[in-house]
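>>> mind looking at a prediction? Sequence and model below.
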Amino acid sequence: MTTFEAILFTIVAASTPLLIAAIGELVAERAGVLNLGVEGMMSMGAVCAFAAAFTFDSTLAGILLGMTAGGLMAALFALAVLGFAANQVGAGLALTIFGLGLSGLIGAPFVGQTRPRVEEWPIPILSEIPLVGHALFSQDPLVYVAFGLVAGVAFFLARTRTGLRLRSIGENHVSAHALGLPVLKMRVYAVIFGGLCAGLAGAYLSLVYTRFWSPNMTAGRGWIAVALVVFAAWRPMWALVGALVFGTATVLQLHAQAAQVPLPSQLLAAAPYIATILALVLLSIRRGRAVGAPGSLGTPFVPDR
Amino acid sequence: MADVAPASPAASVPTADGTPALVSLRGVSKRYGDLLANDGVDLALAPGEIHALLGENGAGKSTLVKILYGVIEPTAGEILWEGRPVSIPSPVAARGLGIGMVFQHFSLFEEMTVAENVAVALPERAFDAVRTELAEISRGWGLALEPDRAVWTLSAGERQRIEIVRCLMQKPRLIVLDEPTSVLTPQESERLFETLTRLSEAGTAILYISHKLEEVRRLCRAATILRGGKVVATLDPRASSAREIAALMVGSEVGEVRAHLSKGTGEEVLRVEGLSLPPEALHGKPLVDVALSVRAGEVVGIAGVAGNGQSELFAALSGERLASYAGDVVVAGTGAGRLGIDARRRLGAAFVPEERLGHAAAPSHGLSDNTVLSHHATSGLVKAGFVAFAEAARIARSVVGHFDVRTPSDDPAARKLSGGNLQKFVVGREILRGPKLLVVDQPTWGVDAGAARLIRQALVDLAAKGAAVLVISQDLDELFEIADRMAVISDGRLSPLRPASAWTREAIGLEMIGAHDEAGAALAREPA
Amino acid sequence: MRIELIPRPDPSPVARALAPLAALVVAFLVAGLVVALLGKSPVSAFEVYILQPLTDPWSLRAMLVKATPLILIAIGLSYCFRAGLWNIGAEGQFVMGGIAGSALALATHGSDPGPWLLPAMMLAGMLGGAAWGAIPAFLKVRFGVSEILTSLFLVYVAELFLDWLARGPWRDPAGFNFPQSVVFESAARLPEIPGLDRVHVGVVFAVIAVLVTAVVLGRTLFGYRLKLTGDAPRAARFAGFDAKRTTLIVFLISGGLAGLAGIAEVSGQIARVLPDISPGYGFTAITVAFLGRLNPWGILAAGLVLALTFIGGENAQILLRLPFDLTVAFQGLVLLCVLTADALVSYRPRLVTRAGARA
C-alpha cells in the first residue's frame, strides 16, 4: 500500500459520516423541512452508539442504538415543527444545543474508554483495483452502507412514485395537499429518516472513526453536512462529491499539521470552515439565488380542515 | 373509504330536470369559528349536465367544491353519490369515486415536468404507463402537451390543460372547474368551452364555478347561485336576465359608477418610455420596451391575463424596482426611474399593489401602523427619527371614516378586515394623501360588489379632481367602465394606448396572446 | 393518530405573555425527569440549581455578572430576529470583540495609557464584533448566501483565532508556558460598581442597551422598519425600506453588542486572554432572546433566568456531580419549548385518533 493509497483510504473514511448525515438531511429538505439539528442528532448518535457498544460489547448494538437516538431526536423535532408548527430554524438550533448538552450528560461515564478496531470487509477483486481499489473497497461495512444510501436515495427520488410524491410535497405543499398527498405524514417520515442517518453518522464517528467518545466530538460536522446539501443543490450524487471534497480538505489539513507545515495548526483547523464559506459564496455566484432549493423549504404547513 | 354499490333508480335523487342525480349535496354546512362559509347547501347534478355554481367572491363557492373534493371536511350535511350517502375524507377518496378537479390556482409543481405533475396525482400507475396514456389523452381531446417540459415554461392555458388531462386520466364522472377562465385569454377560453361541451356529450357531469355571467349563460342550462354561503336560487341562466342573476348574486341592485366629466386633457403626469427590465424572479417576466403616458384628469387602464408582467410593471412604476435610466419613468416632469418608492411618493405619486395582505399592508400590524407604511416619507409623521403614532392613528381613523371601512374594533390588525374592507382602506389611504398620480394594480380583485363599486367610484372621482390614475386590471368589464384610454400587456410588452371606445373585446383578446398585427387588423375592420 | 392545528382567530395577548413561562415550566419538568433518570433527586437538584443561588448574595451578584453578556448579546440578536434574520454566530462576534479590545489592552501593557484606554477598548470590542457580524451580512446582501450557515461557521474560525493568540503571540512569556496572556493592568479593567462586590460596570451597559432598545423599537421609524421587515418583507419594501441596508445595519448592531459583551467579559471578569473566554454565551443568548419574546424588558428578565441556570449549573457540578452539560441541554430544551409555545399561541392543537377522525 502506497502513501497515496493510505491517504485516499482516510479521505473516504473522513467523508463517510458527512455523507451519511448529508443524505439524511437532503431527504428531509427535499420534503420541505429544514432541520438544523443535525449536529445535535449526530452527537446523540455518537454517544448512544458508543455507550451501547461499550456496555454490550457489540458494534452492531451500538449502531442500532445510535440510529435510534438520532431517530428519537428527529421525532422530537418533528413534533415541534410538524405537530405544532414551531419555527424550523429556531427549533433546529434548539435541537442542536439540546443534543450537544444531553450527549455530554450521557457520555460522561464513558470518557476515556476506547473500542476495538472495526474489522474491514475487503471486497474480493474490486479491492485489487489499482490506486482507488483499496480506498473504496477495503473499508468497513458502514462505508458501503453510505455508498448504498447515496445510490438508494438517488434512485428513490428520481425513479419511484413515493420519491416523486416526496419531491412534490417539498416543492409546493399547498398543491400537494390539494391533490390529497399526506404532506405532514410524509414529512414526519422524511425527518425521521434524516435523524436515523444523522444517528448512523454519529455512530460511525465514535465506533469506527475515532473509536472513543469525547464531548463535542462532532466538531461542526453536522453543520457541514447541512452545508453539503446546499452545495449539492439537493442532489444525492453531488452530495457524494461534496463529502469527498470536504473529506479531502480535512485529511490534507491533518497531514499538513503532522508534516509540521510552518503555519499555525489553528489556521489549518479553520481552513475547512473558511473553505465551506467560500464554497457557499462561489456557488451562489454561479447559480444565482437559491436555485434548486425545494420551493416550500422551511415554511410551516398547517392544512385547513 | 368510498365504497359504493351501483345505485338502484329508486335510491337516486332526481335533479332539476328529473333525471337521476349522479351527485347530490344535502344541507352541507361548513363553519370556521364565527363564520358560516356554507350554510345548508343543496345541489344536484345529473350525468352529462353542465351545472354552474355562481356567486361573488366570498359567497362560499370554493369552500363547497373543496368539500366535494375531500380537501376540507363539512361541519354538517351529507353527500350522495348515485343516491348512496358517501363520506369523502380526502381527494384520493374523491378521485376514487370519480370526481376530478381543476383548480383555480393550479395545483401544479413548477420545477417538475408535465408528466411528473400528472403522475404525482395517480399513485396507482407506473410512471411510463402514465406518459403513454398522457400522450393518448392529450391527442384524443386535442389538448396538446409535451410530457417532458417543465411546468414553469408553460403558459396559463397550457397549465390548465395539464390539470384537465390529469383529471381525464382518472376517467372521472364529474369534473369540477373552479373559475377556469380567470387566467385565460378569450381565445383560450373558447377552446376550453369546446372541450367541456365534448366532455358533457360523452356523459361527464361538469360543475362549473364562475362569477362571469356571460360564459355561464353560454355553457350551462342550470345554475345554482350562492350568496353568503346559502343557496339563493337554482335556475336556468338562459331564461333569466343578466340583471336578475346579478341581483341574486349581490343581494341588492348594484349601482353604476358615475362617469367623471373631466376628460384627461391636462398635462402629462406619468410618462414611461423605453422601459425594459430583465425578469427579477426565477420564473418572472421581463419588461420589453414599455411606453405609456397618463395625463392629469384621466384614468388609463392596462388589461392583460394574470402573469404577463403586471407585477413587474407595477414594481418598476412604484420604484420597488429601479429602472435602468432616470428617463424611463418620468413622474410630474422629473426623471424618476432611478428613484426609490419614497422619493417617487415625494414627487406626488401614490401606489396600491395587487396583494392587500403582506404587500399593501402588514397583516399583523394595526391600521395606524399600516398608515405609517406609506405615509412616513411624506406626511410629516416622522420627526428626528421618531414616529408620531397618535397622528398616524388619526389619519387611519379618517381613512376608515371616508371610505366606509368596516372594522371589528378600533385600530384592528389588517388581517382582521375582510378583503373588501381592507382594499377600501389601502386605496383610501393613498387617495387621502391627495396624490397627483395614483398607480393601482388589480383594484377590486376578490372584493365584494359593494366595495368594488365604491373603489371604482373613488378612482374616477380622483381623476375628476385632476389626478392622473393608472389602473392595471384583469377585469375587462371594470376597465371598460372606468378607463378613458387602454392598453394591453402581454408577455411583458405593452400594446399602444388607445381610447377605450376604440377597443373591442376581440382585439383585446388578440393583444393578450401577443397577436398585435391581427389585433390592429381587427380594430381596422370595426367602425370605432 | 395526528395533531390537528386550528388557528385561533384572536390570539390572546395574555397567552402570548404567559407562553414563555409555560415553556419554562415544561422545560423544568423534563429536566427534572432527566435528573431522576440519572439517579439524582429532582427536588435537591431544583434546590441547588434555583433556590440556593437565589438566596445567596454572592450567587446573586455572580448572576448579574453572567446575565450581562447574555442580555447584551440577546438585545443585539433581537434586532436581527425582529428583522427576520438568523444571526446564530453571536458566539464568534463575542470572541472577536474580546480579541479586538484585548489587543489594545495588551498593546499598551506596561505603558501608562491614561483614562482613554477603557473607552477605546470598549469601542474596539464593538468594532471587532460588528466587523465579524458584517461578514455574513455582506455575503447575504451581495451574493445571496444564507446567513445561517456563514455566521455559524465564523464561530469556529473566531474560536480558533483566539486559541492561536492565547497560545502563540499573546502568551505571557513569564507564564510558565500556560496558554494565557499577562493579567491586564488595572487601567484596562472595567471597574466594579461601588457597593456591589465583584460586579463590573458591564452590567450598566446591559441596562443601557435595554433602555435604548425599548425606545428604538417602540417609538422610532427604525424600530418600525425592523418589525415591518420581519413581519411582512414585501410590505417593508413597499414602505421604501431597503432590505439589504436593514440586513447590514442589524448585523452591525448585533455584532457590535456581542463584541461589547465580549470585551466587557474579558476586561471586567477574566482580566486576561485565555484560549476560551465563553461558556457558550452566544448560543445561550439565542434562547434568552426568544424566551424574552424579542422584547427588551423580556430579554432583561430572561437573561437573569438563564444566568441563574449557569450559576446553578456550576453549583450542581460541585454539589451533585451533575455535569455542566445538563445546563446546556436545559437551555436547548427551553428554546424548543418556547418556540413551540409561541406557535401554540396562534394555533389550538387537537389530537385526532383514527377512530374519532370522521365522527
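Cool, the structure landed.
>>> quick one, strands of chain C?
In chain C, the segments counted as strands under DSSP state E are C:2-7, C:347-352.
>>> pick the most buried one from these.
strand C:2-7 (a mean of 16; mean count of other Cβ atoms under 10 Å in any protein chain shown). Quick note: C-beta positions are derived from backbone N, CA and C, even for glycine.
>>> for it, packing partners?
strand C:347-352 (3 or more Cβ pairs under 8 Å, 6 or more residues apart in numbering or on different chains; DSSP states H and E).
>>> change it to 10 Å
helix A:183-204, helix C:325-346, strand C:347-352 (3 or more Cβ pairs under 10 Å, 6 or more residues apart in numbering or on different chains; DSSP states H and E).
>>> any residue of the first one touching chain C?
Yes - if you take Cβ under 10 Å from any Cβ of the partner chain as the test, helix A:183-204 does meet chain C, through A:Leu184, A:Lys185, A:Val188.
>>> so where's the chain shaky on pLDDT?
If you meant another chain, say so; for now it's chain A. A:1, A:287-291, A:305 (pLDDT under 70).
>>> wrong one, I was asking about chain C
C:354-359.
>>> try it again with 80
C:1, C:9-11, C:353-359 (pLDDT under 80).
>>> and it, which residues reach chain B?
Counting by Cβ under 10 Å from any Cβ, chain C sits next to chain B at C:6-11, C:215-216, C:218-225, C:227-242, C:357-358.
>>> out of those residues, which end up buried?
For the residues of chain C next to chain B, a burial check counting by 16 or more other Cβ atoms under 10 Å in any protein chain shown picks out C:11, C:216, C:220-225, C:227-242.
>>> from those, which land in helices?
Of those, the ones assigned to helices by DSSP state H are C:216, C:221-225, C:227-231, C:233-238.
>>> run through the residues of the stretch 1-150 of chain A sitting next to chain C.
A:34, A:36-37, A:39-40, A:76-77, A:79-109, A:111.
>>> among these, which ones are buried?
Applying 16+ other Cβ under 10 Å to these flags A:34, A:36-37, A:39-40, A:76-77, A:79-108 as buried.
>>> in helices, which of those residues appear?
A:39-40, A:76-77, A:88-107.
>>> check what pLDDT the residue in the stretch 1-150 of chain B that chain C sits nearest to gets.
In the stretch 1-150 of chain B, the residue found nearest to chain C is B:Gly33; the distance is 4.8 Å by Cβ to the nearest Cβ. Looking at B:Gly33, its pLDDT stands at 70.
>>> the one 5 residues further on now?
Among the per-residue scores, B:Asn38 holds a pLDDT of 91.
>>> OK, contacts around A:Ile128?
Heads up, residue A:128 is Glu, not Ile. Counting by Cβ atoms under 10 Å, 6 or more residues apart in numbering or on different chains, A:Glu128 touches A:Pro122, A:His134, A:Phe137, A:Ser138.
>>> of those, which is the nearest to B:Trp445?
Proximity of those to B:Trp445 (Cβ to Cβ) peaks at A:Phe137, which lies at 62.6 Å.
>>> for chain B, see how far away that closest one is.
Separation of A:Phe137 from chain B (Cβ to the nearest Cβ, to the nearest Å): 33 Å.
>>> B:Ile489 falls within a strand, correct?
Yes - according to DSSP: H, G, I helix; E, B strand; the rest coil, B:Ile489 belongs to a strand.
>>> hang on, the earlier thing: the residue of the stretch 1-150 of chain B closest to chain C reaches C:Ile6, doesn't it?
Yes - using Cβ atoms under 10 Å, B:Gly33 makes contact with C:Ile6 at a distance of 8.8 Å.
>>> related to what we said a few turns ago, hmm, which of the contacts of A:Glu128 are the buried ones?
A:His134, A:Phe137, A:Ser138.
>>> give me every residue in the stretch 51-200 of chain A lying close to chain B.
A:159-162, A:164-172, A:174-182.
>>> thinking again about what came up before, out of the residues of helix A:183-204 next to chain C, which end up buried?
In the residues of helix A:183-204 next to chain C, the ones that pass as buried (16+ other Cβ under 10 Å) are A:Leu184, A:Val188.
>>> for stretch B:345-354, how far is the first residue from the last?
18 Å (Cα to Cα, to the nearest Å).
>>> what mean pLDDT would you report for that stretch?
The predicted model gives stretch B:345-354 an average pLDDT of 96.
>>> buried ones in it, by neighbour count?
Here stretch B:345-354 shows B:Arg345, B:Leu347, B:Gly348, B:Ala349, B:Ala350, B:Phe351, B:Val352, B:Pro353, B:Glu354 as buried, counting by 16+ other Cβ under 10 Å.
>>> likewise stretch A:131-145?
A:Gly133, A:His134, A:Ala135, A:Leu136, A:Phe137, A:Ser138, A:Gln139, A:Asp140, A:Pro141, A:Leu142, A:Val143.
>>> give me the nearest residue to the first one, chain neighbours excluded.
Same thing as A:Gly133. Nearest non-adjacent residue to A:Gly133, counting by Cβ to Cβ, 6 or more residues apart in numbering or on different chains: A:Ser127, 4.9 Å away.
>>> okay, buried residues for stretch B:304-318 please.
Quick answer for stretch B:304-318 (16+ other Cβ under 10 Å): B:304-305, B:307-318.
>>> let's see which of these end up in strands.
Per DSSP E, the subset of the buried residues of stretch B:304-318 in strands is empty.
>>> among those, which are located in helices?
Secondary structure from DSSP H places B:Gln310, B:Ser311, B:Glu312, B:Leu313, B:Phe314, B:Ala315, B:Ala316, B:Leu317, B:Ser318 of these in helices.
>>> which ones among those residues also lie next to chain C?
Restricting those to those near chain C - Cβ under 10 Å from any Cβ - leaves B:Ala315, B:Ser318.
>>> closest one of the ones in helices among the buried residues of stretch B:304-318 to chain C?
Nearest to chain C, judged by Cβ to the nearest Cβ, of those is B:Ser318 at 7.5 Å.
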